[in-house]
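Engineer: make a model of this:
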Amino acid sequence: MIGFFLAGAAVAATGWLVAASLRLRGAVFLVGWWVVVCAEVVAAAEVLSLAHAIRPLGYALFVAGGLAIAATAWLRLDRPRPRPTLAMDIHGALDIHGVLLIALGTVVALAFGYELFVVVASPPNNWDSLHYHLARVAAWRAQGSLGYIPTHNGIENAYPQNAELLVLWTVVFLGRDLLAALPQLLAGLATTVSVFAISRRLGHGVRASAFAALLFPTLTIVALESVQAQNDLVEASFVAAAVALALGRTRAEAGLAGLALGLAAGTKLTFLYALTPLVVIGLLMLPRRRLAAVAASALAGFALVGMYAYVQNLVETGRPQGRATQLSTMPPQVTAAGTVSSIARTTYRLVDLSGFHPPAALTEHVSGAAKRVFDGLGIPTNPPGATTQGTFEFTYDVNDVANEDSSAFGPLGFLLLVPLSVGFLAAWALRRTGRTRGALALALPLYVVALALGTRWNLYVDRFLITPAALTLPLAPAVLRRALVRATVLAIAAAAVALALAYNVSKPTGLGGGTPVWDLSRPAAQAIREPERAPVLAAVARTVPSQARLGVDLAPDDWEYPLWGATLGRRLVWLPEQSAAGLNWVVLGKGVTVRPPGHWCARRFPTSGWTLLSRC
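Structural biologist: Residues are numbered from 1 along each chain as shown. Now for the predicted structure:
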């Protein structure tokens, strides 16, 4: 634990020194600080991986060297210090707008405190986290490098990895997943600062910009993802930072904008959907020379902190995107009807009441109206070529379940974000606003179209819209001028974040019945969304020693991560590719019936289809 805090302090100090040396100011200083810190952590893992040295000592040596270089540069530049313009600007008379800003800040602070408590007090239990995000982290830690790992799940090797590299830092120093969700939680705050910076660069006042920015962490999906080891918030933080920095005037800001874009490209493949909005923003908001500088910096940033996974995939598979079943089944069969359907379904799912549990009569009225619109316009609901088949199909039901995968933005999504985008696009068309605001208003619709063209629709796609939501919120001060409007939005935001966290199905508080997540055993907490898996996870935790070699033969949708154990001390042996010699325990996944050679006693778990073998 001491090593974690010392190394973290060294990285934070390095980021501060670099941002100060570049003479960044106010909120932009904080944005640059975030980018530099994340870039250093990512670069450390990539460099250490080449020597199979991803260990506490390796990280410590790397950050010590980075701190020494940053300190030397800072001293030679006459010890520049950031100018605290942000703090001086916010300090002012406590009129009604100031009181509302303080109230919203208090809501965000309380939500952050609770989210941090949940992060520390409960294990990660999101499906994707257990299926591949944390599974790859555990495997990298075990082998000391980022090289391809034996696995039943190809995306562990194929997908970009920068968000997981931030998680890996915490796991290597702590030896467990105590703070695995911390990068997501901090990314939410970093995105908030970037929203503020963008708003200020649009010419909005400090308090108006701060109020708009503080709405971001109250959005339902943002609050829910803040307590899970996913990667949507991390990607959004880099894209928003890139825009905030690109809108500046200095070469340093252009360079950091490119670095942020490189980080985003190395975080998640959905960054591809952000490219069109980013290009449009660049063309409409930046002078040509500035755009060229940012583009050149982006190429350099990608080379430094974005291309590692793509190059590794190219070497291992001959394809930059790698090979995985999900990569081949994700793209849709692009047709006009299918694309329109995906756009309509994604937009309709923004009608989100996660945690509110409204009366059935209300939701049925909305569902009925939506069905009439779809039918009247001839929009197919689940065209096969544009839909992930099975349990992910579209229905007209209004979502009221607080779920980090299928929730959207809560009431502010359809009451604020969508009207902002549509309203400013209409104003731009009528020449009542400029192209700078029009460019940001285009972010959400362009992203939705790109998403429809790039992936088959399923219940989980709206969470990808976190990135364009962050680029839309800087427009909010223009419509939040009146105190009554701000007070109404504040009330909605406070209710949305409180209800989302209170009725989070993955991190229950007990308000909806049942046991709070922090009072559950680790296996029970991990399986809270898939209770049929709890018995086998509990049996493995109870039976297999924490430092044992454990044979595994899993089906594609089986979770790997819980098998590593709470301290990640087990070593997984992948059967049948690897030898079962010397193994005393083997886990067979759902539907797997072939046993390794030898005499085994089997314990079957019918509800999950798993089997635990032990030597007879």
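Engineer: what about the spatially closest residue to Arg25 that is not a sequence neighbour, how many residues nearby?
Structural biologist: Closest residue to Arg25 apart from its sequence neighbours, by Cβ to Cβ, 6 or more residues apart in numbering: Arg83 at 5.1 Å. For glycine as for every other residue, the C-beta is placed from the backbone atoms N, C-alpha and C. The tally of other residues near Arg83 (other Cβ atoms under 10 Å) stands at 14.
Engineer: Leu314: neighbouring residues, count only.
Structural biologist: 14.
Engineer: got a list of what it touches?
Structural biologist: Pro320 (Cβ atoms under 8 Å, 6 or more residues apart in numbering).
Engineer: next SSE downstream of whichever strand or helix holds it?
Structural biologist: Assigned by DSSP states H and E, Leu314 belongs to helix 308-317. Using DSSP H and E, the helix or strand that follows helix 308-317 towards the C-terminus is helix 325-329.
Engineer: any buried residues in that next one, and which?
Structural biologist: Leu327 (16 or more other Cβ atoms under 10 Å).
Engineer: list the helices and strands that helix packs on?
Structural biologist: Packed against helix 325-329 by the contact rule (3 or more Cβ pairs under 8 Å, 6 or more residues apart in numbering; DSSP states H and E) you find helix 155-158.
Engineer: now the helix or strand just after the helix it packs on: mean pLDDT?
Structural biologist: Of the helices and strands lying after helix 155-158 in sequence (DSSP H and E), the nearest is helix 162-174. Mean pLDDT, helix 162-174: 97.
Engineer: show me what helix 162-174 packs onto, helices and strands only.
Structural biologist: helix 2-21, helix 26-50, helix 56-76, helix 134-143, helix 182-201, helix 232-246.
Engineer: right, so those helices: which one is the most enclosed?
Structural biologist: Among these, ranked by average contacts under mean count of other Cβ atoms under 10 Å, first place goes to helix 232-246 (a mean of 30).
Engineer: quick one: the residue nearest to Arg25 from Ala197, how far?
Structural biologist: The spacing between Arg83 and Ala197, counted by Cβ to Cβ, to the nearest Å, is 15 Å.
Engineer: give me the element the spatially closest residue to Pro383 that is not a sequence neighbour is part of.
Structural biologist: Nearest non-adjacent residue to Pro383, counting by Cβ to Cβ, 6+ apart: Gly338, 4.5 Å away. Using DSSP H and E, Gly338 sits within helix 336-348.
Engineer: for the next helix-or-strand element following that helix, list every residue counted as buried.
Structural biologist: Using DSSP H and E, the helix or strand that follows helix 336-348 towards the C-terminus is helix 360-377. Neighbour-count burial for helix 360-377 flags Thr363, Val366, Ser367, Ala370, Phe374 (criterion: 16+ other Cβ under 10 Å).
Engineer: thinking the residue nearest to Pro383 is in contact with Gly385, fair?
Structural biologist: Yes. The criterion here is Cβ atoms under 8 Å, and Gly338 meets it with Gly385 at 5.3 Å.
Engineer: okay, and the common contacts of the two?
Structural biologist: Contacts common to Gly338 and Gly385, judged by Cβ under 8 Å, 6+ apart, are Pro332.
Engineer: who has more neighbours out of the two?
Structural biologist: Legend: neighbour count by other Cβ under 10 Å for Gly338 and Gly385, higher for Gly338 (22 against 13).
Engineer: check contacts around that one.
Structural biologist: Pro332, Pro380, Pro383, Gly385, Ala386.
Engineer: can you do 7 Å?
Structural biologist: If you count contacts by Cβ atoms under 7 Å, 6 or more residues apart in numbering, Gly338 has them with Pro332, Pro383, Gly385, Ala386.
Engineer: what is the least confident helix or strand in this protein?
Structural biologist: Every helix and strand in the chain was compared by mean pLDDT, DSSP states H and E; the lowest is helix 85-90, with a mean of 48.
Engineer: off-centre distance for stretch 418-436?
Structural biologist: 29 Å (Cα atoms, centre = their mean, to the nearest Å).
Engineer: oh, I was asking about stretch 381-398
Structural biologist: Between the centre of stretch 381-398 and the centre of its chain there are 24 Å (Cα atoms, centre = their mean).
Engineer: equivalent analysis for stretch 468-478, please.
Structural biologist: Taking Cα atoms, centre = their mean, one finds stretch 468-478 lying 19 Å from the centre of the chain it belongs to.
Engineer: buried set for that stretch?
Structural biologist: Pro468, Ala469, Ala470, Leu471, Thr472, Leu473, Pro474, Leu475, Ala476, Pro477, Ala478.
Engineer: ok so Leu550 is a strand residue?
Structural biologist: Yes. Under DSSP: H, G, I helix; E, B strand; the rest coil, Leu550 sits within a strand.
Engineer: ok, the nearest residue to Leu134 once chain neighbours are set aside - how many residues close by?
Structural biologist: Leaving aside its sequence neighbours, Leu134 sits nearest to Tyr561 (Cβ to Cβ, 6+ apart; 4.5 Å). Neighbour count for Tyr561, taken as other Cβ under 10 Å: 24.
Engineer: residue contacts, Tyr561?
Structural biologist: Taking Cβ under 7 Å, 6+ apart as the definition, contacts of Tyr561 comprise Leu130, Leu134, Ala135, Ala138.
Engineer: how is Lys590 assigned, secondary-structure-wise?
Structural biologist: Relying on three-state DSSP, one would call Lys590 coil.
Engineer: and if you look at Arg603?
Structural biologist: Going by three-state DSSP: Arg603 is strand.
Engineer: quick one: contacts for it?
Structural biologist: Ala539, Thr611, Leu612.
Engineer: repeat for Val47
Structural biologist: Phe62.
Engineer: and it, how far is that from Ala539?
Structural biologist: From Val47 to Ala539 the distance is 40 Å (Cβ to Cβ).
Engineer: ok, Arg55 next?
Structural biologist: 32 Å.
Engineer: just Asp405 next, same as before
Structural biologist: Counting by Cβ to Cβ, the gap from Asp405 to Ala539 is 27 Å.
Engineer: who's more crowded, those two?
Structural biologist: A direct count of neighbours by other Cβ under 10 Å for Asp405 and Ala539 places Asp405 higher, at 21 against 16.
Engineer: how about that one, phi and psi?
Structural biologist: phi -100, psi -40 (degrees, to the nearest 10).
Engineer: got phi/psi on the residue nearest to it when sequence neighbours are not counted?
Structural biologist: Closest residue to Asp405 apart from its sequence neighbours, by Cβ to Cβ, 6+ apart: Tyr460 at 4.8 Å. For Tyr460, the backbone dihedrals (degrees, to the nearest 10) come out as phi -100, psi 0.
Engineer: the chain should start at 798 in everything you say after this.
Structural biologist: Let's use 798 as the start, then, which means that last one is Tyr1257.
Engineer: do you know which of the helices and strands packed on helix 959-971 lies nearest Leu891?
Structural biologist: helix 979-998 (19.7 Å; Cβ to Cβ).
Engineer: CA atoms of the closest one as CSV?
Structural biologist: Provided in CSV are the C-alpha atoms of helix 979-998 (Å, rounded to 0.1, in the frame of the first residue of the first chain):
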residue,chain,number,x,y,z
LEU,A,979,-10.5,4.0,-9.6
PRO,A,980,-9.4,5.0,-13.2
GLN,A,981,-13.1,5.1,-14.2
LEU,A,982,-14.0,7.2,-11.2
LEU,A,983,-11.2,9.7,-11.8
ALA,A,984,-11.9,9.7,-15.5
GLY,A,985,-15.4,11.0,-14.7
LEU,A,986,-13.9,13.9,-12.8
ALA,A,987,-11.4,14.6,-15.5
THR,A,988,-14.2,14.7,-18.1
THR,A,989,-16.1,17.1,-15.9
VAL,A,990,-13.1,19.5,-15.9
SER,A,991,-12.8,19.2,-19.7
VAL,A,992,-16.4,20.1,-20.1
PHE,A,993,-15.8,23.2,-18.0
ALA,A,994,-12.8,24.1,-20.1
ILE,A,995,-14.6,23.7,-23.4
SER,A,996,-17.5,25.8,-22.1
ARG,A,997,-15.2,28.5,-21.1
ARG,A,998,-13.6,28.5,-24.5
